[in-house]
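J.: got a predicted model here, sequence first, then my questions.
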Amino acid sequence: MKNTLLASLAITAIFGSLSSTQAATLFAASVDRGFVLSNGTTPLTSGTIRFGTFATGTNFAGDAASLEAAFTQIVTSTGPFSYGGNPGLFELTGDENAPLSFVGGTTVYEGIQYDLTTSGIDLSNPGDLAGTTIYMWLLNSDSTQQAILSTSEIWQDSQSPVDNFFDTGTATLHVGSVSTTTLAGTTTPAYQLANAGVIPEPSRAVLGLLGLALAFFRRRRA
Amino acid sequence: MIRTLLQPLALLALTALCAGTALGQASKLPVSRTGGATSVSLPVGQTTLMALPLVEIVASGTVSAVSGSTYTLLSTPTVLPDVVTTPHAIKITGRANQFGTNAYGMTARITAQASQDVTTPVAPAAGSLMAAPNVGDEYVVYRLETIGSLFGVTNTVGLRGGSTVATADIIYLDNGSGTLVAYFYRTGGTPGWRLVSAPSGANQDGVIIQPNRGILVARKTGGTPVTINISGDAMVGNEVVDVTNSAANIVNNPFLVSTTLLGSGLRNYVTGGSTAATADIVYLESGGVLTGYFYRTSVSQWRLLSTPGGADQGAVAITPGKAILIAKKATGEFTLVEPFAP
C-alpha cells in the first residue's frame, strides 16, 4: 500500500488535559490571496488547516516525520476552500464561517501548556505556547500536498484582551511557493502547495536493494 | 477638537494654545483653562493603549440643584448648549464640601437635557456618577468622542482596513461594564466600521468612547504609520473611574504630565497582594508591549508581574497619551490622581 508522508496525521484538533475553561478565538483568512495545487493552476477546493507553532530552528526542508515532531498543534479546521463563491480561498472570521475556538490557559497541547503565567499577561515565558509564532500548516484533501506559512502574529496570552489573528496576505512561506496564477476574487498571485512526497514501502526498498545486489553478482560472474 | 493625519515618525508634542495657569485644587476652579495639542502615535504591527488627553469643554460652572440623577447647572456660557444631540459627559471637578460623600473626579454621560437640567444614567449603571454631586460642586461638560469622530467615518486616520478582520487593524473599546468590544474598518461590500463579532452587521461609527475610558488599538503588519493629532482642553481634577472585577478595564489617562507608579499614588486605589494571584494587575504599554505590575504588599513595592522577586518598579513612568489596562480582582473605584509638574 502506498504511503504518503502525511498519511498518519490526525485531522482533528488534539486537546490535552483540559484544566482551564479559558476559551480563546483565532480569526484566520486568506481572501486576498488564495491557494493552488502543486500544478500551479488548479485552485485548492478542500483541505485541512492546522494552526499551531513550530519549534525554534525547525528545518522546513526536512521530512514529514521531523516536521511533525517539531509542530505543536492547537486548533484545526477541515472543509471546503471557498469565499464569496471563489475557490481556493478560505475565511474563518465570522463572515461566511465562524472563527476558530480553542482553550488556552492551562490546557496542554502535545505536552506543552498553553499559558504558564495564569495570573496575568506574560508573553516572555519560554516554556509555554503563549507568545510563540502562529504557524499555519495547510494540507490538501488527501494530504499529498502541503504549505506552511507564518506571519508576525503570535499566540496571545490567555489574559490578553487581544484576539488571535492570521492573515495569509503578508505571510512568510516556509513550505510551498508563489504561483503565477491569480485566483478569481483576488489581485495577488496565489500560494502554490508543494508535493508532500512519498515514502517507499519497506518491501519495495528491500526489493530495490536486492535487485542491485543481483546485478552486482551477475557482473562478477561475467 | 481637531484631528489631522500627520506624517510618520510623529513625536509626542504639547503646545499651549493659551496662557495657562496652575490647575485648580479639588475645591477651586482653575483661573483659566489650559488648552493644547498632542499627538498619539499608532505604530504598525503594534498594540497601543491610547489615551484621550484633551477634550472639548463646552460649558463649566457649578451645580445648583440635584434631583436623583438630574442636575441643574449654572453655566458659562449662560445658556447651556445642546449636549445630547452629539454625546457629552459631565465631570465633577471641584467639591463644595471637602468632607462627606461627593462626586469629585467622577464623570457621567449626559443622556437627556431640558434647558439647564441634565440627566445621567442612574448608578450603578455604566456611565453614571457613582455618587451624587452636591450643590455648589464645580463641573465641566465636554464632548465625547465616537469611533467616527476620532478615527473618521471613512477611517480617514488611515488604520489598516480589510475585507475581513484577519487583515484589518482592530480597535477595542471598554464598554464600561467589564467587556472589551472589538471593531474594524471593513473595506469590502459597503465600507464602514463593523463589529468584529458581526462583520456584515450595522455600521458602528456612532459608537461612543465611554467617559474615563481609553482605547486599545491592535495594528497588523502591512499598514502605514498613523498619528492622531488631538487638540482641546486639558482635563482638571482627579479621574475617578468605576472599574469592574475583570481583566477588561481600559482607563483613560487624561493628564499631560508624566508621573510614576509610585508618584501616582495608585497604590491607594488597587488591591495589593503577596503574589500577583491575589492582586490587581496594572498594565502599561510601551513600544507595543504590555507589561504588568502589581503592588506586592510583603515588600510594599510595585513589582513586575513576570518577576515578583525582582527590583522595585515604583519609578516606572505613566506617560501622557497612554491609557492604562487594569485587571481588577473586585469591582470598585479606581482613581488617577491629577499629577502636577514639579
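T.: Right, received. Where do you want to start?

J.: tally up the residues packed near the closest residue to chain A within the stretch 51-200 of chain B, please.
T.: The minimum distance from the stretch 51-200 of chain B to chain A, using Cβ to the nearest Cβ, falls at B:A166 (3.8 Å). C-beta here means a position set from N, CA and C on the backbone, and glycine is covered the same way. Here the number of neighbours of B:A166 (other Cβ atoms under 10 Å in any protein chain shown) works out to 28.

J.: do you know the pLDDT at it?
T.: Looking at B:A166, its pLDDT stands at 93.

J.: again, but for B:G20
T.: Note for B:G20: predicted pLDDT of 37.

J.: hang on, the earlier thing: surely the residue of the stretch 51-200 of chain B closest to chain A meets A:N164?
T.: No - with contact defined as Cβ atoms under 8 Å, B:A166 does not count as touching A:N164 (9.8 Å).

J.: identify the contacts common to those two.
T.: Here B:A166 and A:N164 have A:F27 as joint contacts, going by Cβ atoms under 8 Å, 6 or more residues apart in numbering or on different chains.

J.: and the longest strand for chain B?
T.: strand B:54-67 (DSSP state E).

J.: tell me what that one is packed against?
T.: In this structure, strand B:54-67 makes packing contacts with strand B:35-42, strand B:70-76, strand B:88-94, strand B:138-143, strand B:226-234, judged by 3 or more Cβ pairs under 8 Å, 6 or more residues apart in numbering or on different chains; DSSP states H and E.

J.: need the contact list for the nearest residue to A:L193 once chain neighbours are set aside.
T.: Leaving aside its chain neighbours, A:L193 sits nearest to A:Q145 (4.0 Å; criterion: Cβ to Cβ, 6 or more residues apart in numbering or on different chains). By Cβ under 8 Å, 6+ apart, the residues touching A:Q145 are A:L37, A:S38, A:L139, A:L193, A:A194, A:N195, A:A196.

J.: redo that, cut-off 6 Å
T.: By Cβ atoms under 6 Å, 6 or more residues apart in numbering or on different chains, the contact list for A:Q145 reads A:L37, A:S38, A:L193, A:N195, A:A196.

J.: got the residues of chain A near chain B?
T.: In this structure, chain A approaches chain B at residues A:27-29, A:31, A:91, A:93-95, A:119-122, A:124, A:152, A:159, A:161-162, A:165, A:167, A:169-170, judged by Cβ under 6 Å from any Cβ of the partner chain.

J.: now do 7 Å
T.: By Cβ under 7 Å from any Cβ of the partner chain, the residues of chain A that approach chain B are A:27-29, A:31-32, A:91, A:93-95, A:119-122, A:124, A:152, A:159, A:161-163, A:165-167, A:169-170.

J.: show me how to select, in PyMOL, the buried members of those.
T.: This is the PyMOL syntax for the buried subset of these, where burial follows 16 or more other Cβ atoms under 10 Å in any protein chain shown:
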select buried, chain A and resi 27+28+29+31+32+91+93+94+95+119+120+121+122+159+161+162+163+165+166+167+169+170
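
J.: among the residues of chain A next to chain B, which are located in strands?
T.: Going by DSSP E, the strands hold A:F27, A:A28, A:A29, A:E91, A:S152, A:F165, A:F166, A:D167 from the residues of chain A next to chain B.

J.: turn those residues into JSON lines, including pLDDT.
T.: Shown next, in JSON lines, are these (pLDDT from 0 to 100):
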{"residue": "A:F27", "pLDDT": "94"}
{"residue": "A:A28", "pLDDT": "94"}
{"residue": "A:A29", "pLDDT": "93"}
{"residue": "A:E91", "pLDDT": "94"}
{"residue": "A:S152", "pLDDT": "90"}
{"residue": "A:F165", "pLDDT": "93"}
{"residue": "A:F166", "pLDDT": "94"}
{"residue": "A:D167", "pLDDT": "92"}
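
J.: ok, which pair from these is furthest apart?
T.: A:E91 and A:S152 (20.3 Å; Cβ to Cβ).

J.: if you drop the residues flanking it in sequence, what lies closest to B:V122?
T.: Spatial nearest neighbour of B:V122, chain neighbours left out: B:S69 (4.9 Å); criterion: Cβ to Cβ, 6+ apart.

J.: spatially central residue in chain B, please.
T.: For chain B, B:N252 is the residue whose C-alpha lies nearest the centre (Cα atoms, centre = their mean; 2.4 Å).

J.: which ones are touching B:Y71?
T.: Residues near B:Y71 by Cβ atoms under 7 Å, 6 or more residues apart in numbering or on different chains: B:V63, B:V118, B:P133.

J.: beta partners of it?
T.: Using DSSP bridges, the beta-bridge partners of B:Y71 come out as B:V66, B:V118.

J.: which residues touch the residue lying closest to A:E153 once chain neighbours are set aside?
T.: Once flanking residues are discounted, A:E153 sits nearest to A:I134: 4.9 Å by Cβ to Cβ, 6+ apart. The contact partners of A:I134, taken as Cβ under 7 Å, 6+ apart, are A:F51, A:T53, A:S150, A:T151, A:E153, A:I154, A:W155, A:N164, A:F166.

J.: ok, the closest residue to the second one other than its chain neighbours to B:S41 distance?
T.: Sequence neighbours aside, A:T132 is the residue nearest to A:T53 in space, at 4.2 Å (criterion: Cβ to Cβ, 6+ apart). As judged by Cβ to Cβ, to the nearest Å, A:T132 and B:S41 stand 27 Å apart.

J.: kindly report the same for A:A147.
T.: Counting by Cβ to Cβ, the gap from A:A147 to B:S41 is 36 Å.

J.: in chain B, what residue spans correspond to helices?
T.: Under the criterion DSSP state H, chain B carries helices at the ranges B:147-151.

J.: so which bits of it are right by chain A?
T.: Going by Cβ under 7 Å from any Cβ, the residues of chain B near chain A are B:45, B:47, B:163-167, B:172, B:180, B:182, B:197, B:199-200, B:216, B:218, B:220-222, B:247-248, B:276-277, B:281, B:283, B:290, B:292, B:305-306, B:327.

J.: which ones among those are found in strands?
T.: Per DSSP E, these map to strands at B:T47, B:Y172, B:L180, B:A182, B:L216, B:A218, B:I281, B:Y283, B:L290, B:G292, B:A327.
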